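J.: need coordinates for the following:
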Amino acid sequence: MSLNGSSFLILANTGTPESPVYEAVGSQRDASVDETTEVIDYSNKEGRARRVGPGRYSSTVSLDALYVPDDEAYAALKAAMRNGTTVLIAREESDVVVETATAVVASLSETFPDQAEATVSASFEIDGEWEAVGS
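T.: I've put the predicted structure just below:
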């Protein structure tokens, strides 16, 4: 892959469900995206070879040392985690959004080292699929 990395922008709804207002609550480079397809085995006793087909698709995004710009943004991210509300993830390449996805905040970890900066790590489970922007 010849990409020079991607940036991920996390947006939380700070409005209401009826009138959503999405605001950036975090960003990250050096993230990991895992996409998987479960395998359905439809083999039978009449043949020795295993027969498989595609099953359920899923995607997870993990962000280590997530950049959160201020306390209000972190409070919105924590509220999404605790209230079970979804966030919007935008994937950028060369400062252009190429795809987005709705996600559940699956984990949110805070680290408070002595005499150093606090860091936040998070993982997100994608609800549905990634949607290409502009296609």
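
J.: pLDDT score for the residue lying closest to residue 55 once chain neighbours are set aside?
T.: Spatially, and ignoring its direct neighbours in sequence, residue 55 is nearest to residue 38 (3.7 Å; Cβ to Cβ, 6 or more residues apart in numbering). All C-beta spots, glycine's among them, are computed from the backbone N, C-alpha and C. You'll see residue 38 listed with a pLDDT of 96.

J.: element containing residue 38?
T.: For residue 38, the host element (DSSP states H and E) is strand 32-41.

J.: neighbouring strands of that strand in the sheet, and parallel or not?
T.: Applying DSSP bridges, strand 32-41 is found paired with strand 52-66 (antiparallel).

J.: buried stuff in the partner strand?
T.: 59, 61-63, 66 (16 or more other Cβ atoms under 10 Å).

J.: run the chain-centre distance for that strand.
T.: Relative to its parent chain, strand 52-66 has a centroid offset of 9 Å by Cα atoms, centre = their mean, to the nearest Å.
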